[in-house]
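Peer 1: whatever this is, show me its structure:
(chains A, B, C and D)
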There are 2 protein chains.
Amino acid sequence: MKIATWNVNSIRTRLPHTTDWLKTTSVDVLCLQETKVVDEKFPRDAFTEIGYHAAIFGQPSYNGVAIISREPLSDVSRGFAPILGDRVAEFDQQKRVITGIIGDLRVVNLYVPNGSAVGSEKYIYKLRWLEVLHDYLKALMLEPNHLLVCGDFNIALEDIDIHDPTGRVNQVMATDLERVALQVILRLGLADVFRKFVKDGGHFSWWDYRSAAFRRDLGWRIDHIYLSPDLYEKAIACAIDKAPRKLEQPSDHTPVIVEF
Amino acid sequence: MKIATWNVNSIRTRLPHTTDWLKTTSVDVLCLQETKVVDEKFPRDAFTEIGYHAAIFGQPSYNGVAIISREPLSDVSRGFAPILGDRVAEFDQQKRVITGIIGDLRVVNLYVPNGSAVGSEKYIYKLRWLEVLHDYLKALMLEPNHLLVCGDFNIALEDIDIHDPTGRVNQVMATDLERVALQVILRLGLADVFRKFVKDGGHFSWWDYRSAAFRRDLGWRIDHIYLSPDLYEKAIACAIDKAPRKLEQPSDHTPVIVEF
DNA sequence: GGCGAGCTGG
DNA sequence: CCAGCTCGCC
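Peer 2: Here you go, the predicted model:
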């Protein structure tokens, strides 16, 4: 059983990359972020043709998440409100959360806000969003299922997750406030499965399009897979597949895969 | 001596096509229309590197003309107002006219308004613009130089210049009013040099991007080269080069070349 | 409908 | 650097 997360930065532009990758890698579940397309225009057929189902939650231009899976998902829910009620409805205007159940496993797929610049409106929104995410995951953890929470977190948890942590306290995606917000969430009982297998730094999942960042390996590890305790024990591998980032017209992110 | 006219539909997008074509065709003067770029962003260096000068008159997004030449132009003037005075200044807001002298030859490069739909505001503007052009060329013909007037005229002079002239009287680029306006200009003493060499129809310089018009050869001959009488006598060839229209990401127009 | 530029977001 | 959008042109 293999489950992956990949911010594709437009599923329509990256459709051949995505289906090619599914065919060669044969993961069972692929969580996509930044699909950037309304549900009516999501290229569902391309996934059906190669034997996958798609649960989608999109909007025009921005954000958008989807779970591609060999087995159909049950109990799919989109956004925070179905779990937390209308008090959080404002956070569902941006389509960043989708979840569903496969067997005894709940998969949560997230596209955490980027935060723009430290102290900006968007940065405040990101921190508030993470608080809501805490309540959301707390609720889901009451279920009997195993829990896998993955996606583009737009946060580098440790300094070794950044190519150059100099001045990180002023850099969005690495400030103390963001890290603490995420650590509070993890204290609910989730662990970064990549770190079960890889202890050193220099492993990245995102490289800016600008300044030839990929060629110079100036990356960040901001795409994560978090597991509930017993699932964490069962994991036998977790890796970043850099190959898709080397293709023509790549996404700026590359997939992370966990295997059980 | 070879002189060409080509509506490139954005010089930045078509820069490789344009410089490649100059290198293989080695024309002495190339008149460009729809450069779609302000002068500060015009890719002058690309032409300098291959041995050409550039006289430019552009604006952001729309219109824009340029004359690319092996020898530098003298007496360059941009727009109608330098010749006709401020009464026509309103017509220079759109950058559609540039002229300069090489040896004993004045080259006038035009991007005639398209006219949108018959009877529209833009159609009226086109007819008024053609009246101003008449006065402009009348003034230039007082000079002792030979005169070459070329560009995208957005007018098919004869029915044989349209793939299907059915209902042309209601079609912009082929109405009687436009044709007469152009014929009045030509009566100043200018002749279509393409017709010195080619008498039959079915020769086009523009094919709409839509409906696979190029593949089906549904074109129009709207890019012209007009010459003063003694120059007309000296012309030894005039041809449309369809090759650039067959490239990847082509302009919707293709070059017309006259040789002396 | 096919395209390009300029804009906004990352 | 790249994505999609909005706009205007043809």
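
Peer 1: name the nearest residue to A:Ala117, sequence neighbours excluded.
Peer 2: Among residues not flanking A:Ala117 along the chain, A:Val172 sits closest, at 6.0 Å (CB to CB, 6 or more residues apart in numbering or on different chains). Yep, even glycine has a C-beta here, placed from its N, CA and C like the rest.

Peer 1: quick check: that neighbour touching A:Tyr123?
Peer 2: Yes - counting by CB atoms under 8 Å, A:Val172 does reach A:Tyr123; the two are 6.3 Å apart.

Peer 1: overlap in contacts, those two.
Peer 2: Common neighbours of A:Val172 and A:Tyr123, using CB atoms under 8 Å, 6 or more residues apart in numbering or on different chains, are A:115-117.

Peer 1: ok, and of the residues you listed, which contact DNA strand C?
Peer 2: A:Ser116 (CB under 7 Å from any atom of the strand).

Peer 1: can I get the shared contacts of A:Val172 and A:Tyr123 in TSV with distance to DNA strand D?
Peer 2: Shown next, in TSV, are the shared contacts of A:Val172 and A:Tyr123 (distance: CB to the nearest atom of the strand, whole Å):
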residue	distance to DNA strand D
A:Gly115	17
A:Ser116	13
A:Ala117	14
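
Peer 1: which among the shared contacts of A:Val172 and A:Tyr123 end up buried?
Peer 2: If you count burial by 16 or more other CB atoms under 10 Å in any protein chain shown, the buried members of those come out as A:Gly115.

Peer 1: burial count for the residue of the stretch 51-200 of chain A at minimum distance from DNA strand C?
Peer 2: Across the stretch 51-200 of chain A, no residue is closer to DNA strand C than A:Asn114, which sits at 2.7 Å (CB to the nearest atom of the strand). Look at A:Asn114: counted by other CB atoms under 10 Å in any protein chain shown, it has 16 neighbours.

Peer 1: mind listing what A:Asp200 touches?
Peer 2: A:Ile160.

Peer 1: that one and B:Ala55, how far apart?
Peer 2: Look at A:Asp200 and B:Ala55: by CB to CB, to the nearest Å, they are 60 Å apart.

Peer 1: likewise for A:Leu140?
Peer 2: Applying CB to CB to A:Leu140 and B:Ala55 gives a distance of 67 Å.

Peer 1: which one of the two is surrounded by more residues?
Peer 2: Between A:Leu140 and B:Ala55, counted using other CB under 10 Å, B:Ala55 has the larger neighbour count: 21 against 18.

Peer 1: which strands and helices sit next to the helix or strand where that one lies?
Peer 2: Per DSSP states H and E, B:Ala55 falls inside strand B:53-57. The contact analysis (3 or more CB pairs under 8 Å, 6 or more residues apart in numbering or on different chains; DSSP states H and E) places strand B:53-57 against helix B:44-48, strand B:65-69, strand B:97-102.

Peer 1: winner for burial among the ones you listed?
Peer 2: Mean neighbours per residue, mean count of other CB atoms under 10 Å in any protein chain shown, is largest over these for strand B:65-69, with a mean of 25.

Peer 1: from the chain's centroid, how far away is that strand?
Peer 2: Distance, stretch centre to chain centre, for strand B:65-69: 11 Å (CA atoms, centre = their mean, to the nearest Å).

Peer 1: so after it, what's the next helix or strand?
Peer 2: strand B:74-78.

Peer 1: correct me if wrong: the residue of the stretch 51-200 of chain A closest to DNA strand C contacts A:Lys122.
Peer 2: Yes - using CB under 8 Å, A:Asn114 makes contact with A:Lys122 at a distance of 7.0 Å.

Peer 1: measure the closest residue to DNA strand D within the stretch 151-260 of chain A to B:Ser116 for me?
Peer 2: Nearest residue of the stretch 151-260 of chain A to DNA strand D: A:Tyr209, at 3.5 Å (CB to the nearest atom of the strand). According to CB to CB, A:Tyr209 stands 38 Å off from B:Ser116.

Peer 1: ok, longest helix in chain A?
Peer 2: helix A:121-140 (DSSP state H).

Peer 1: show me what that one is packed against.
Peer 2: Secondary-structure packing of helix A:121-140 (3+ CB pairs under 8 Å, 6+ apart): helix A:81-84, strand A:97-102, strand A:105-111, strand A:146-152, helix A:176-186.

Peer 1: dump the ones you listed into CSV; add distance to DNA strand D and mean pLDDT as well.
Peer 2: Formatted as CSV, those follow (distance: least, CB to the nearest atom of the strand, whole Å; pLDDT from 0 to 100):
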stretch, distance to DNA strand D, mean pLDDT
helix A:81-84, 24, 97
strand A:97-102, 19, 98
strand A:105-111, 15, 98
strand A:146-152, 15, 98
helix A:176-186, 22, 97
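
Peer 1: tell me which of those sits nearest to B:Glu248.
Peer 2: Closest approach to B:Glu248 among the helices and strands packed on helix A:121-140 (CB to CB): strand A:146-152, 33.5 Å.

Peer 1: ok now do the residue lying closest to A:Gly100 once chain neighbours are set aside, which residues does it touch?
Peer 2: Distance criterion CB to CB, 6+ apart; nearest residue to A:Gly100, sequence neighbours excluded, is A:Leu73 at 3.0 Å. Residues in contact with A:Leu73 (CB under 8 Å, 6+ apart) are A:53, A:55, A:67, A:100-102, A:107.

Peer 1: alright, calling it a day.
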